[in-house]
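[1] Please work out how this folds:
(4 chains)
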Protein chains: 2
Amino acid sequence: MEGTKNIKHSENEWHLTSDRPVFIQIMEKLKLDIVTGIYQPGDKLPSVRDLAGEAAVNPNTMQRAFSELEREGLVYTQRTNGRFITEDITMIDQLKEQMALDAISQFLKSMEQLGFSDEETMKLIKEALKEETA
Amino acid sequence: MEGTKNIKHSENEWHLTSDRPVFIQIMEKLKLDIVTGIYQPGDKLPSVRDLAGEAAVNPNTMQRAFSELEREGLVYTQRTNGRFITEDITMIDQLKEQMALDAISQFLKSMEQLGFSDEETMKLIKEALKEETA
DNA sequence: ATCATTGTATTATTCACTTAATACAGCAAT
DNA sequence: ATTGCTGTATTAAGTGAATAATACAATGAT
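    Prediction:
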């Protein structure tokens, strides 16, 4: 096979916190890496043990995160060879769109709950984007 | 007497979930009720036991949520009389502004992580708001 | 003075998440 | 055949959150 370097993550930072289940946070990071193309369809993933060491978590915890991702169809396993990103590009695109829609609806819900009108929300968003570039 | 109805929440729904600490979710709801004016500055709160019963949680859990809110200065306690919303209007206004800014920055961060440009994000927000009214 | 209500404190138990330490089966390269 | 890597499974232990069941001190109303 192509020897060497299936390390596609280099100096990854996992910044895991204790306020939410770690395996959930790992799933979220992996999903981000998939929809943003850091992991390409069909890519081989580092082993459970390697990733666990890199993220400084127990191999069981990393294994659990992968099991869930596999249950959702985002990765698949070759029993003794390793894990791979799904080659279903449609699924990946749909996931990205869904994650964006979730972020949007969650944000709009928050602003509505705080009592901001749609106009006020738009105004605040525009201001935030302006200051971002500055 | 019980004729005094200091119940300002009526048929409140707490929709608590098990994916995050309950006392955190309670704090979030109380904060929303404060910044949106459901609870006014100086208002007396229902007793720990009453609120615990209403939210279907253990009194200890409700007590913990209040302890944290008190630590943050949003409520204060009269030892054997009850709890009250802070009368510091400035603090409440600042909290509301901070919650809005947090929602915005969290949203923008999510969209950036997903790889959307500021322009794309704005476009998606506008579309979401249009469909909302329709 | 008595009583109900208030916030508060204590102890024990349960549960999910996490870690730790192994162990096993299957495939590839040597 | 041996070695090394892969995913996977198992058991034990520790931790924080939540519940349950009480108990106590202080205040206001009666």
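[2] who in chain A is up against DNA strand C?
    Contact residues (C-beta under 7 Å from any atom of the strand) of chain A with DNA strand C: A:1, A:21-24, A:56-61, A:64, A:79-81. All C-beta atoms are positioned from the backbone trio N, CA, C, and that covers glycine.
[3] Mind telling me the two of the residues you listed farthest from one another?
    Greatest spacing in the residues of chain A next to DNA strand C, by C-beta to C-beta: A:Met1 and A:Pro21 (35.0 Å).
[4] of the two, who's got more company?
    A:Pro21 (15 against 6; other C-beta atoms under 10 Å in any protein chain shown).
[5] distance of that one from A:Leu69?
    14 Å (C-beta to C-beta, to the nearest Å).
[6] Poorly predicted segments of chain A, please.
    Residues of chain A meeting the criterion pLDDT under 70: A:1-12.
[7] Around chain B, which positions in it sit nearby?
    Within reach of chain B by C-beta under 8 Å from any C-beta of the partner chain, chain A has these residues: A:20, A:32, A:35-37, A:96, A:99-101, A:103-108, A:110-111, A:113-116, A:118, A:121-122, A:124-126, A:128-129, A:132-133.
[8] In strands only, show me the residues you listed.
    With strands defined by DSSP state E, no entry of the residues of chain A next to chain B lies inside them.
[9] ChimeraX command to pick out the buried ones of the residues you listed?
    Remark: buried members of those, expressed as a ChimeraX selection using 16 or more other C-beta atoms under 10 Å in any protein chain shown:
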select /A:32,35,96,99,100,103,104,107,108,110,111,114,116,118,121,122,124,125,128,129
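[10] The helix or strand encompassing A:Arg49 and DNA strand D in contact?
    Using DSSP states H and E, A:Arg49 falls within helix A:48-55. Yes. Helix A:48-55 lies within reach of DNA strand D by C-beta under 7 Å from any atom of the strand, at A:48-50.
[11] Let me know the closest of those residues to B:Val75.
    Of the residues of helix A:48-55 next to DNA strand D, the one sitting nearest to B:Val75 (C-beta to C-beta) turns out to be A:Val48, at 46.5 Å.
[12] any idea how far chain B is from the closest one?
    24 Å (C-beta to the nearest C-beta, to the nearest Å).
[13] need the contact list for that residue.
    Residues in contact with A:Val48 (C-beta atoms under 8 Å, 6 or more residues apart in numbering or on different chains) are A:59, A:62-63, A:66, A:83.
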